[in-house]
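Participant: Have a look; sequence and predicted model below, questions after that.
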Amino acid sequence: MVPAMSKSVAGCCGVLVLGLAGCGGGGGGEAERPDPGNPNLLLTLPEPGLQPAQLALLVAEGDTLSEAVAAAYLQARKLPAANLIRVRGLDTSQPEISAAAFTALRADIEARLPAGIQASLMTWAAPTRVRGNCRMGITSAMAFGYDDAYCMPVPANCLSTRASPYFDSESLRPHTDHGLRPAMLLGAGNLTLAQALIARGLAAEASHPPGTGYFVRTSDAFRNGRANEFEELPAQWAGALTLNFLDKPSGDVITGRSDLLFYLTGLASVGGLDTLSFRPGALADHLTSFGGHLPSGNGQMPVTRWLEAGATASFGTVEEPCGIIQKFPRAPQLVDHYWRGATALEAYWKSVQQPGQGLFVGDPLARPFASKPTLSIEAGQYRLRTRALRPSARYTLEYRSGAGSWVELGSVTGQRATPVDQRFPLAPSSATQIRWRGPCPGQPAAACTLAESP
């Protein structure tokens, strides 16, 4: 029987402590401490969000803009110097690179990456697509390698393409879990724009904005495939985010709004952007054929226009996707992963099921909902506080003694738009191990051990 504590004891930076009422020294008297059990038994819970040390920064050697942008990003985000990879022989005067040249370039990059790299950021303005029998966005090609299965040569380009195993994944380490490193292109056409974008990404960190988001059904039937999902969002996120569904507003656009966190729509070109104000960390995109066909958009609005207007990340396709919504960001997954603590890179990549023809642009490390799971001992119980749990997924805290069977201390089921504040009974002092189980990184429907003490 563990006596109640007379005051709360703070957790140890996201570390769950079994039967230990402090974090090394200090604290109150013995009357304030529960039965310490085994004071060496610790469990570190996973923290959502890509970390700077896990990001490779790719710079086109000799390109003035790329060199300057990489230097600015390296300094702002405090990346390890070893994470800067100088890419040799890249022709930045052309919007495309051949599949053969890219394959050799990518192999050289992969061979020089430090251990632990899970994603990459490209700092050049061009090239942005890889040309083989069809075209892949360079960010997808960097993740998967060039493969026709991800873009489908004409006339099959209007069919579905190979799916990404990272779609709606619970993985915190995509290369470790899936064998791919998702990539982003910063997407700024000059250093001033790049510095402003980097500043927005930094300002977003842990800002926990309340909204607002706009999801628009337009009168453009060919570009409206996502609208049915848009319609459900306001009710799903009520109380957590202020999300608005607009059904064919005047001119098919919104104007004069401020504090935008999300803006997703379907148009060839989106008007009124100069009248809007975006929050740091805002995500915005438009479903159309050539938003990622930089620099011009092939006659449509390029995704870089969103960044110029104040968004922090965006997405567009580099060749005709035929309006297949699986090739574009899906709003339910995008909002959910972002709110649960993912970075802009992770949220966007986890929202696109077939990303081969796509180009991801922006600050990959922007993370407005950054937060560490907080676990503490209070009144003789464990207390879990987190926003990172997957909706409808079951998580359990378990212990065992010696080589015995695992025993469940308690469980919690994640709920959309609902931070978790859950209490569990302490394990008995005979416990020798504890573990935290939940959805597997690569197969969320299955249960895996997410953390386990020695």
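Facilitator: On my side now, so go ahead.

Participant: could you pull out the helices for the stretch 51-200 of the chain?
Facilitator: When secondary structure is read from DSSP state H, counting those that start in this stretch, the stretch 51-200 of the chain shows helices at 64-77, 99-112, 138-144, 174-178, 191-204.

Participant: Identify each buried residue in the second one, please.
Facilitator: By neighbour count, with 16 or more other CB atoms under 10 Å as the criterion, the buried positions of helix 99-112 are 99, 101, 102, 103, 105, 106, 109. Every C-beta, even on glycine, is put in place using the N, C-alpha and C of the backbone.

Participant: can you pull the contacts of the residue nearest the centre of the chain?
Facilitator: Using CA atoms, centre = their mean, the residue of the chain that lies closest to the mean C-alpha position is residue 346, 2.1 Å off. Under the criterion of CB atoms under 8 Å, 6 or more residues apart in numbering, the contact list for residue 346 reads 49, 50, 182, 337.

Participant: Please work out which of the helices of the stretch 51-200 of the chain is packed deepest.
Facilitator: Highest mean neighbour count among these (mean count of other CB atoms under 10 Å): helix 138-144, with a mean of 28.

Participant: distance of residue 69 from residue 186?
Facilitator: Taking CB to CB, to the nearest Å as the measure, residue 69 falls 6 Å from residue 186.

Participant: Quickly list what's touching both of those two.
Facilitator: Common neighbours of residue 69 and residue 186, counting by CB under 8 Å, 6+ apart, are 123, 194.

Participant: hmm, back to that, so the residue nearest to the centre of the chain is in which element?
Facilitator: Under DSSP states H and E, the secondary-structure element containing residue 346 is helix 344-349.

Participant: Please compute how far that helix lies from its chain's middle.
Facilitator: Relative to the chain's own centre, helix 344-349 is displaced by 3 Å; criterion: CA atoms, centre = their mean, to the nearest Å.

Participant: when you give positions from now on, start the count at 4
Facilitator: Shifting the count to begin at 4 puts that one at helix 347-352.

Participant: Name the next helix or strand following it along the chain.
Facilitator: If you walk from helix 347-352 toward the C-terminus, the next helix or strand you reach (DSSP H and E) is strand 361-365.

Participant: Now for the chain: which strand has the highest residue count?
Facilitator: strand 281-289 (DSSP state E).

Participant: Against which helices or strands is that one packed?
Facilitator: Judged by 3 or more CB pairs under 8 Å, 6 or more residues apart in numbering; DSSP states H and E, strand 281-289 is in contact with helix 194-207, strand 263-268, helix 307-312, strand 316-320, helix 347-352.

Participant: contacts for the longest one?
Facilitator: Applying CB under 8 Å, 6+ apart, the contact partners of helix 194-207 are 68, 71-72, 75-76, 79-80, 189-191, 281-285, 310-311, 313, 315, 347, 365-366, 368-371.

Participant: With just CA atoms, put it into CSV.
Facilitator: What follows is helix 194-207, C-alpha atoms only, in CSV (Å, rounded to 0.1, in the frame of the first residue of the first chain):
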residue,chain,number,x,y,z
LEU,A,194,17.5,35.0,-49.4
THR,A,195,15.1,37.5,-47.9
LEU,A,196,12.2,35.2,-48.5
ALA,A,197,14.1,32.3,-47.0
GLN,A,198,15.0,34.2,-43.9
ALA,A,199,11.4,35.2,-43.4
LEU,A,200,10.3,31.6,-43.8
ILE,A,201,12.9,30.3,-41.4
ALA,A,202,11.8,33.0,-38.8
ARG,A,203,8.2,31.9,-39.1
GLY,A,204,9.2,28.3,-38.6
LEU,A,205,11.1,29.2,-35.4
ALA,A,206,8.2,31.4,-34.1
ALA,A,207,5.8,28.5,-34.5
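
Participant: What's the first helix or strand after that helix?
Facilitator: strand 214-220.

Participant: Return the angle between stretch directions for that next one and strand 263-268.
Facilitator: Calculated by axes from the mean of the first three to the mean of the last three CA atoms, to 10 degrees, strand 214-220 forms an angle of 10 degrees with strand 263-268.

Participant: Residue 84 contacts residue 77, correct?
Facilitator: Yes - between residue 84 and residue 77 there is a contact under CB atoms under 8 Å: 7.4 Å.

Participant: What helix or strand is the closest residue to residue 280 other than its chain neighbours located in?
Facilitator: Computed as CB to CB, 6 or more residues apart in numbering, the closest residue to residue 280 that is not its neighbour in sequence is residue 261, at 4.0 Å. Element membership of residue 261 [criterion: DSSP H and E] is none; it lies in no helix or strand.

Participant: what pLDDT does residue 261 get?
Facilitator: In the prediction, the pLDDT value recorded for residue 261 is 92.

Participant: So it versus residue 212, what's the distance?
Facilitator: Taken as CB to CB, the span from residue 261 to residue 212 is 12 Å.

Participant: what about those two, which has more around it?
Facilitator: Remark: of residue 261 and residue 212, residue 212 carries more neighbours, 18 against 10, as counted by other CB atoms under 10 Å.

Participant: do you know how far the more buried one is from residue 392?
Facilitator: Spatial separation of residue 212 from residue 392 under the definition CB to CB is 20 Å.

Participant: again, but for residue 168
Facilitator: Taking CB to CB as the measure, residue 168 falls 21 Å from residue 392.

Participant: what about the two, which has more around it?
Facilitator: Summary of the neighbour comparison: residue 168 and residue 392, criterion other CB under 10 Å, with residue 392 having more neighbours (25 against 15).

Participant: Excluding chain neighbours, what is closest to the more buried one?
Facilitator: With CB to CB, 6+ apart as the measure, residue 417 is the residue that lies nearest to residue 392, at 3.1 Å, once sequence neighbours are left out.

Participant: mind listing the strands for the stretch 304-453 of the chain?
Facilitator: When secondary structure is read from DSSP state E, counting those that start in this stretch, the stretch 304-453 of the chain shows strands at 316-320, 361-365, 377-381, 384-389, 397-403, 410-416, 423-428, 436-442, 450-455.

Participant: Would you single out the least confident of those?
Facilitator: When I compare those, strand 377-381 is least confident, with a mean of 76.

Participant: So which elements touch that one?
Facilitator: Contact analysis of strand 377-381 by 3+ CB pairs under 8 Å, 6+ apart lists strand 18-20, strand 384-389 as its packing neighbours.
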